[in-house]
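Engineer: 3D, please:
(2 chains)
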Amino acid sequence: MHLDSNTQNTLLDQLSQIVSSEYLLTTTEALTPYECDGLSAYQRLPVAVVLPDNIEQVQKIVQACSNLKVPIVARGAGTGLSGGALPHEGGIILGLSRFNKILSIDTNNLTAVVQPGVRNLAITEAARPYGLYYAPDPSSQIACSIGGNVAENAGGVHCLKYGLTVQNIQQIKIVTINGTLLTLGSETFDTPGYDLLALMTGSEGMLGIIVEIVVKLLPKPHAVKVLMASFDKVEEAGNAVADIIAEGIIPAGLEMMDKPAIHAAEAFAKANYPLDAAAILLCELDGDEDQLEEQVIVVEKTLKKAKANNIVIATSAEEQAKLWAGRKSAFPAVGRLSPDYYCMDGTIPRKQIAHVLQKISEFSDHHGLLVANVFHAGDGNLHPLILYDANKEGELKTAERFGADILELCVEVGGTITGEHGVGHEKIDQMCVQFSPAELTQFFAVKSAFDPDSLLNPGKAIPTLHRCAELGAMHVHNGELPHPEIPRF
Amino acid sequence: MKTEFSPTFLNTPDGKLANEILRTCVHCGFCNATCPTYQLLGDENDGPRGRIYLIKQVLEDKPVTQATRTHLDRCLTCRNCETTCPSGVEYGKLIDIGRKVVEEKTTRGFKEKMTRKALLSLLPYQKRFTSTIKLGQIFKPLLPKILSKKIPKNIKAGNYPSSTHSRQMIILEGCVQPALSPDINAATARVLDRLGISLIRPKNAGCCGAVNQHLSDEEKALDFVKQNIDAWWEHIQNGAEAIIITASGCGAMVKDYAHLLRDDKDYADKAKKVTELCKDISEVISKEDLTPLQTQQRQTKNISWHPPCTLQHGQKINGVVEKILTDKGYNLLPVNDSHLCCGSAGTYSILQAEISQQLQANKIKHLTKHQPEMIVTGNIGCQTHLQEVSDVPVVHWIHLLDN
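Structural biologist: Numbering: from 1, shown residues only, chains lettered A, B, ... in the order given. Predicted coordinates for the structure are as follows:
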């Protein structure tokens, strides 16, 4: 997998003609901080890190790599949680952090043209003076970049009502593997031909390099209310989620945290979370005043019926921000409970929440590792955080097995192995559980249409059939092989 | 985060502390979002998460060169990352350890060594520094621009009150502040006098130690720390209520005395007491009844407030000065990116001039956006740094209560 020294020398020579030496990193010392992204359990050193700041440089870099058949892993803010930006030992990291400018905001068409390295939250901050905002808000929105959001089709608290990244972008520019600049999508809502914009969204850096994005902006809602409900039992909170949606109400956000997550988040955000609750639900409702009043009454009634023992309604913007601050910092705040955590990202049908939480708790006993649950309850997107200590021999392996059990359970109850973090390096084996060989073959066909030599983020997101067929990659339940139709070698 | 320290290093106080801090970090990258140098340079190595990684490598005995040192030198130690970090990583303490070890393992060039030595033998010594500034004020027209712009106009201290009250507090005079802006502590004394508090100005106290501490000269820093503790101790025993600091940079340092001397058998307890008593002037003022300060109608109304990093991130004091000034009838104009450093950062403006000037330009643009009549702040470093490029006066906020 490593580059031979001739190719490496030629590559570095060519790259040094494109960017100044300060932005071409080649020593182990300088490369090591790039050996992982937000999923630090897996590390690999790339051959080089290149940090261009204009599209022309990106085109030349891609061309050079393409000619020499050198793999390219694009990286934004490096906050991804599935190892999507994990380097390739024989390839380069193409860092887009210097593409950090908001190029324009169009208040007539409600769009903004941004470079891929712009932070998600920076878009909303820039749009705020115009009464606008960018809806998808992953918990890492303070730091994660919009280019990475597109590559992973990121979601967030508000995607229940306002959709994922794919519903909130209008046009992107990509550099293809041969260095061509393409514009996908258009300035209007619909475009004839194949919807390549949708295809590119969530493609995890495997089809092209995203170099510019036109995002949609939304007018800020007239009024917002945030309710916080506490529960004595996690299962009751889980059932309340399904009940609220069944009432015909789509909250702007509907989030759940269990006790360990509440404690960790409270320690950082001081949001006045109830420390004795087994679980809390945070429910944001927005719209015009009259409609909102009515919704608050219905949600409150539903929560009480679902055995919520205390309901707090935050009306001021400060109180609401405080409640969300805790939720949004919950992942890293768990660093206060444990030296390391392994964050999972499965989705399940809402009605299965209580059942799945019960099973996760059983897995936790079985593997002997604690778990903190934080999730986008409204869209059934679970984020169990498995707590482990990387300094203890074997704990990472146990955490991985625990994680695999959870994801396979998600598929078993009719869900998926990823809601928003992407497959990356981390969940590649679970893709075998999720998809049939015929489906995986189609994925590869798409991949080779864009990237015949498999140079763009190779080895991520789509497992080879051979990999899937290796039994070690999956779990056998009750002696029954999942997907017996896959040919085994 | 996984660490692989050698058992020898792990058993030292620094090793133990660094290991604890590193293991709190979960590598989420939130810190990069508010790091001034990462925003400007865009290299992971120039953000807190990358620097933590670099420090980890050094502490794990991996090869280290001046490249690592440069990335650590470029850190402003503004500690914005600590405010942002949900996991509670104590980055400031970690980078002090990292810098110390890197300093031992790498060699600086002659010019760099001399500059650092010159700073260390000048700044922390009040008399030396004051004479230098006085000379500089006389010969200002003859000096190169890079130096001349750093020399402020000659400012008179003004009178100290003569009355003595039963409530007494110690004030840290500081080292560079009495030379650059001797009026700050005098104004503080007058304001507190009207609130019924007298200030004690112990003769033997000197620099808080921050200059040495942040230039990897911990040994000398601790000498300064102990000298101050000795100078204050008698007054503390006599019932001084607090140790007041009017430069937030020094305040952040003095509040760290307990940590710095935690393993010193002679000083640990005293240092703990000093840290408990140490208060930024805003913490003292905000607890007092300010009615005695009601005076004539003021002319200045619209001001921009620049919260120093050592106040908002180092000491985690937020909204306190803002409330005091708003209650006094001042209109604090909105300032974008007020969480970001102005680029002063102690000796940084001299040692990392290019980055410092970019931050200074960005900061002054935000501070002057709504045409303030005055910029107010709470740290002498920020004050002189911003004044260099500001058309409106930059003053310590305490002056607004002194009229």
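Engineer: so where's the chain shaky on pLDDT?
Structural biologist: Defaulting to chain A. Scanning chain A for pLDDT under 70 picks out A:1, A:471-489.
Engineer: switch to chain B, that's the one I care about
Structural biologist: For chain B, the ranges with pLDDT under 70 are B:295-298.
Engineer: name the residues of it found near chain A, please.
Structural biologist: Proximity of chain B to chain A, by C-beta under 8 Å from any C-beta of the partner chain, involves residues B:1-3, B:23-34, B:38-39, B:42-45, B:49-50, B:53-54, B:57, B:62-65, B:67-68, B:84-89. No exception for glycine: its C-beta is placed from N, CA and C like everyone else's.
Engineer: buried only: go through these for me.
Structural biologist: Buried members of those, counted by 16 or more other C-beta atoms under 10 Å in any protein chain shown: B:1-3, B:23-34, B:38-39, B:42-45, B:49-50, B:53-54, B:57, B:64, B:68, B:84-89.
Engineer: residue contacts, the residue nearest to residue A:39 when sequence neighbours are not counted?
Structural biologist: What sits nearest to residue A:39 in space, not counting adjacent residues and going by C-beta to C-beta, 6 or more residues apart in numbering or on different chains, is residue A:83, at 4.5 Å. By C-beta atoms under 8 Å, 6 or more residues apart in numbering or on different chains, residue A:83 lies in contact with A:36-37, A:39, A:42, A:424-426, A:460.
Engineer: what's the farthest-apart pair in those residues?
Structural biologist: A:36 and A:460 (13.7 Å; C-beta to C-beta).
Engineer: which of those two has more neighbours?
Structural biologist: Between residue A:36 and residue A:460, counting by other C-beta atoms under 10 Å in any protein chain shown, residue A:460 is the more crowded of the two (24 against 21).
Engineer: just to revisit the earlier point, tabulate the contacts of residue A:83 (JSON lines), appending secondary structure.
Structural biologist: What follows is those, written out as JSON lines (DSSP: H, G, I helix; E, B strand; the rest coil):
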{"residue": "A:36", "secondary structure": "coil"}
{"residue": "A:37", "secondary structure": "coil"}
{"residue": "A:39", "secondary structure": "coil"}
{"residue": "A:42", "secondary structure": "coil"}
{"residue": "A:424", "secondary structure": "coil"}
{"residue": "A:425", "secondary structure": "coil"}
{"residue": "A:426", "secondary structure": "coil"}
{"residue": "A:460", "secondary structure": "coil"}
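Engineer: among these, the buried ones, what's the PyMOL command?
Structural biologist: Remark: buried members of these, expressed as a PyMOL selection using 16+ other C-beta under 10 Å:
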select buried, chain A and resi 36+37+39+42+424+425+426+460
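Engineer: how about the strands in the stretch 301-403 of chain B?
Structural biologist: B:302-305, B:331-332, B:374-377, B:394-396 (DSSP state E, counting those that start in this stretch).
Engineer: excluding sequence neighbours, find me the nearest residue to the residue of the stretch 101-250 of chain A found nearest chain B.
Structural biologist: Nearest residue of the stretch 101-250 of chain A to chain B (C-beta to the nearest C-beta) works out as residue A:143 at 3.9 Å. Closest residue in space to residue A:143, ignoring its immediate chain neighbours: residue B:33 at 3.9 Å, by C-beta to C-beta, 6+ apart.
Engineer: residues near residue B:261, how many?
Structural biologist: 22.
Engineer: quick check: it touching residue B:269?
Structural biologist: No. Because the distance of 9.2 Å does not satisfy C-beta atoms under 8 Å, residue B:261 is recorded as not touching residue B:269.
Engineer: what about residue 186, how many residues nearby?
Structural biologist: Unless you meant another one, I'm taking chain A. 13.
Engineer: oops, I was thinking of chain B
Structural biologist: Neighbourhood size, residue B:186 [other C-beta under 10 Å]: 20.
Engineer: surely residue B:101 is in contact with residue B:59?
Structural biologist: Yes. Look at residue B:101 against residue B:59 with C-beta under 8 Å: they come within range, at 6.5 Å.
Engineer: the two - which one has more neighbours?
Structural biologist: Remark: of residue B:101 and residue B:59, residue B:59 carries more neighbours, 25 against 20, as counted by other C-beta under 10 Å.
Engineer: which positions in stretch A:166-174 come out as buried?
Structural biologist: Using 16+ other C-beta under 10 Å as the test for burial, stretch A:166-174 gives A:166, A:168-174.
Engineer: which outside residues touch it?
Structural biologist: A:55, A:111, A:134-136, A:150, A:153, A:162, A:181-187, A:189, A:197-198, A:200-202, A:207-216.
Engineer: just those residues: which are in helices?
Structural biologist: A:55, A:150, A:162, A:197-198, A:200 (DSSP state H).
Engineer: hang on, residue A:49 in a strand?
Structural biologist: Yes. Assigned with three-state DSSP, residue A:49 falls within a strand.
Engineer: give me the number of residues near it?
Structural biologist: 24.
Engineer: how near is it to residue A:33?
Structural biologist: Note on residue A:49: its distance to residue A:33, by C-beta to C-beta, to the nearest Å, is 9 Å.
Engineer: where do the contact lists of those two overlap?
Structural biologist: Taking C-beta under 8 Å, 6+ apart as the contact criterion, the common neighbours of residue A:49 and residue A:33 are residue B:44.
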